[in-house]
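K.L.:
what follows is a predicted protein model with its sequence.
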Amino acid sequence: MIPQQTGGDDGFDVCVLGSFMKDLVTQAPRRPRPGETIRGRAFDEYLGGKGFNQAIAARRAGARTAMIGRVGDDRHGAEFLAMLAEEGVDAAYVRRDSGWGTGVGLPVVEPDGSNSIIIVPRANDAVTADDVLAAAPVIQRSRVLLVQLEVPLPAVLTALHLARSANVLTVLNPAPSAPLPEDISALVDVVVPNEVEAESLTGLPCHGDAVLGTAPTLRRRLARRGAIITLGGRGVVVVDRPGDDEVPPEAVDAYAGWRTSVLNPLAVDTIDTVGAGDAFCGALAARIAAGDGLLSAAEYANAAGALATTRRGTAPAMPRADEIGALLTRTTVSGAPVGEHAL
């Protein structure tokens, strides 16, 4: 169980430190081989970046949300600020940087919805620890701090320290995967990688049932309270403390008092997986801030991630609370997999 935090009074539910990336998305029959040129099927532009997507997802899931970061002093930066205002996300600590352009992402989406992405961080790389320190009042008056690794690690660590000092619950989405300090677990309450990132961080496999052994190790190394590994079309694995109001464990790991649960993916018509992990993280943070236990929050986030795959784009694809609730209600009534199941 995750207890209610003392942060958030007269402040925010979720504070996101993260990136802004203008996504230039190509749909193609497959990824080109080295030296090869292939013809794409479509091209679109979307506002994205892991931090921005997750802030929009948290806000649309009902959380009072603030964001910290940098955009360029260009038309893309203006577009990001306009959408933050439109969505009701506080941007008081989003700086416009005249020395850098706004970050860009270059996803390639294949017919089955799978994707690979090249990112060029630009202004995101200019986020400093001083930027974060200036935003300390926002971080320390939030219930949950949500961070990723698309901005420099010193800024991320500064935010985590500020949150810990104020008893603000912290969620780390370690993406893209990067080396982390050995003592990171003292600062992170919940860690949420995908299977590739989990393998990189632990050196252990996530294929098949092996993920059930990797998840507890990930929790022990990187988080104080819980770990979640998102597995795309294979579902989600959650390691958390059991609580009286949560379903019985499917499997108990080797660490006393912890258990591993499996949430199967919800049945939806997937067309684009870009941003699905961000929808999951933002919705997860929103529900943790609302007081849900980790497994309950993960079930909600599982539905948010599923919905994001049914539409194209990144931030525009983040689902709203009524849509998430409707999918959960529909799948519960129809008997689709929502609770704990085998992989």
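P.N.:
Done, it's in.
K.L.:
CA only for contacts and neighbour counts going forward, please
P.N.:
Noted.
K.L.:
partners of the one helix or strand Arg70 maps to in the sheet?
P.N.:
Per DSSP states H and E, Arg70 falls inside strand 65-72. Here strand 65-72 is paired, per DSSP bridges, with strand 12-17 (parallel), strand 90-97 (parallel).
K.L.:
average pLDDT across it?
P.N.:
Here strand 65-72 scores 98 as its mean pLDDT.
K.L.:
returning to that earlier point: okay, the strands paired with strand 65-72, which one's buried deepest?
P.N.:
Per residue and on average, the most neighbours among the strands paired with strand 65-72 fall to strand 12-17, with a mean of 30 (mean count of other CA atoms under 10 Å).
K.L.:
which one of the strands paired with strand 65-72 lies closest to Leu146?
P.N.:
strand 12-17 (4.8 Å; CA to CA).
K.L.:
beyond the closest one, next helix or strand please.
P.N.:
Next along the chain after strand 12-17, taking DSSP H and E as the criterion, comes strand 21-27.
K.L.:
what is that next one packed up against?
P.N.:
strand 42-48, strand 103-109 (3 or more CA pairs under 8 Å, 6 or more residues apart in numbering; DSSP states H and E).
K.L.:
highest average neighbour count across those strands?
P.N.:
strand 103-109 (a mean of 22).
K.L.:
following it, which helix or strand comes up?
P.N.:
strand 115-120.
K.L.:
quick check: buried residues in whichever helix or strand comes after that next one?
P.N.:
Sequence-wise, the next helix or strand downstream of strand 115-120 (DSSP H and E) is helix 129-134. Within helix 129-134, the residues scored as buried using 16 or more other CA atoms under 10 Å are Ala129, Asp131, Val132.
K.L.:
where does the prediction get shaky in the stretch 151-300 of the chain?
P.N.:
Counting by pLDDT under 70, the stretch 151-300 of the chain shows low-confidence ranges at 241-259, 265, 267, 272.
K.L.:
try 50 this time
P.N.:
Low-confidence segments of the stretch 151-300 of the chain, defined by pLDDT under 50: 243-257.
K.L.:
nearest spatial neighbour of Cys206, skipping sequence neighbours?
P.N.:
Distance criterion CA to CA, 6 or more residues apart in numbering; nearest residue to Cys206, sequence neighbours excluded, is Glu195 at 5.8 Å.
K.L.:
let me fix that, I meant to ask about Val238.
P.N.:
Closest to Val238 by CA to CA, 6+ apart is Ile228, at 4.5 Å.
K.L.:
ok, now Val108?
P.N.:
Thr26 (4.9 Å).
K.L.:
and for that neighbour, the neighbour number?
P.N.:
Neighbourhood size, Thr26 [other CA atoms under 10 Å]: 19.
K.L.:
that one pairs with what?
P.N.:
Thr26 has the following beta-bridge partners by DSSP bridges: Phe43, Val108.
K.L.:
what about stretch 84-99, how long is it end to end?
P.N.:
22 Å (CA to CA, to the nearest Å).
K.L.:
and Ser296, which of the helices and strands packed on strand 21-27 is closest to it?
P.N.:
Per CA to CA, nearest to Ser296 of those: strand 42-48, 26.8 Å.
K.L.:
what packs against that closest one?
P.N.:
So strand 42-48, by 3+ CA pairs under 8 Å, 6+ apart, packs with strand 21-27.
K.L.:
okay, and Ala198 sits in which element?
P.N.:
helix 195-202.
K.L.:
buried sites along the following helix or strand past that helix?
P.N.:
Note on helix 195-202: by DSSP H and E, the next helix or strand toward the C-terminus is helix 211-222. Across helix 211-222, burial judged by 16+ other CA under 10 Å covers Val211, Leu212, Thr214, Ala215, Pro216, Thr217, Leu218, Arg219, Arg221, Leu222.
K.L.:
dump these into TSV; add distance to Val171 as well.
P.N.:
Converted to TSV, the buried residues of helix 211-222 look like this (distance: CA to CA, whole Å):
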residue	distance to Val171
Val211	20
Leu212	21
Thr214	19
Ala215	16
Pro216	17
Thr217	17
Leu218	14
Arg219	12
Arg221	14
Leu222	11
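K.L.:
quick revisit: make sure the residue nearest to Val238 is actually in contact with Val236.
P.N.:
Yes. Counting by CA atoms under 8 Å, Ile228 touches Val236, with 6.9 Å between them.
K.L.:
sweet, I'm off.
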